[in-house]
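Enquirer: coordinates for the following, if possible.
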Amino acid sequence: MAPSNMAFGLVAASIVALFSPHVVAAEAANPDWPCVQHKVPTLTSAQMWDGPAVDDLTQWRENEEIRKLVAALASRRTPVADAVAAIARFAADQPPEKRDRALSLVFAGLLDTINSERAAVMSGIERFQRRQKARAAEIEKEGAVIRHLKERAVSDESARAELATIEEKYNWDVRVFSERQQSLPLACEVPVLIEQRLFELGREIRARMND
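Expert: Take a look at the predicted model:
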């Protein structure tokens, strides 16, 4: 089956999207980052926390109750409402004189855990982009071969047979490339949603502190 004008148009538009101005601008510092959103590799406490310093707090790992709470809060499978309720229960169970310290440890653990999970998501997005760039380059090569074979096919029967085979592969590669490219905006939203979750839960933790 010959590649349709629609197939050519779809892949051309997708390849253009890979190298559009906002992506090219981002590539100056992060060549494999494809998202419109600016890449912020690590979230810091200063961006969302006005409580006691937590950057050097690692003791949360030594407290089983806090470790389990942090894991539940960080998991996107835990609805935010359930996470907020868990924070409230934990805060209520703490002696008033120890509450701020305990909640600071919870936020320190949450920040560390979410940063690790977010970094893994962002790394996955960049791996996806590298694969898409490789696919785009291969599709462009296939298109050049097709154009050459079409010129030969006018008078060469073997070229016509070869053309049919490569066109079939081209159409399939275009379809796979385009479908995967369409999933990119959703993937790019995931780090944003993770950041929003951290901000919201950090605010809930802070609200239950004495000072």
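Enquirer: mind checking how far N30 is from Q129?
Expert: 10 Å (Cβ to Cβ, to the nearest Å). In this view, the C-beta of every residue, glycine as well, is placed from N, C-alpha and C.
Enquirer: which of the two has more residues huddled nearby?
Expert: For N30 versus Q129, neighbours defined as other Cβ atoms under 10 Å are more numerous around Q129 (22 against 15).
Enquirer: how long is stretch 73-82 end to end?
Expert: One end of stretch 73-82 sits 9 Å from the other (Cα to Cα, to the nearest Å).
Enquirer: please identify the buried residues of that stretch?
Expert: Buried residues in stretch 73-82, counting neighbours by 16 or more other Cβ atoms under 10 Å, are found at 73-74.
Enquirer: next one: stretch 151-166
Expert: 153, 159, 162-163.
Enquirer: off-centre distance for that stretch?
Expert: For stretch 151-166, the separation from the chain centroid amounts to 43 Å (computed by Cα atoms, centre = their mean, to the nearest Å).
Enquirer: now what about it, what contacts it?
Expert: 1, 142, 145-146, 149-150 (Cβ atoms under 8 Å, 6 or more residues apart in numbering).
Enquirer: which residues belonging to stretch 142-153 are considered buried?
Expert: Neighbour counts over stretch 142-153 (16+ other Cβ under 10 Å) mark 142-143, 145-146, 149, 153 as buried.
Enquirer: need the residues you listed in a markdown table (columns: secondary structure and pLDDT).
Expert: A markdown table is the format used below for these (DSSP: H, G, I helix; E, B strand; the rest coil; pLDDT from 0 to 100):
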| residue | secondary structure | pLDDT |
| --- | --- | --- |
| E142 | helix | 93 |
| G143 | helix | 92 |
| V145 | helix | 91 |
| I146 | helix | 91 |
| L149 | helix | 88 |
| A153 | helix | 79 |
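Enquirer: just give the nearest non-adjacent residue to A29, would you?
Expert: Among residues not flanking A29 along the chain, K39 sits closest, at 7.6 Å (Cβ to Cβ, 6 or more residues apart in numbering).
Enquirer: so the one you found: helix, strand or coil?
Expert: What DSSP: H, G, I helix; E, B strand; the rest coil gives for K39 is coil.
Enquirer: many thanks, I have nothing further to ask.
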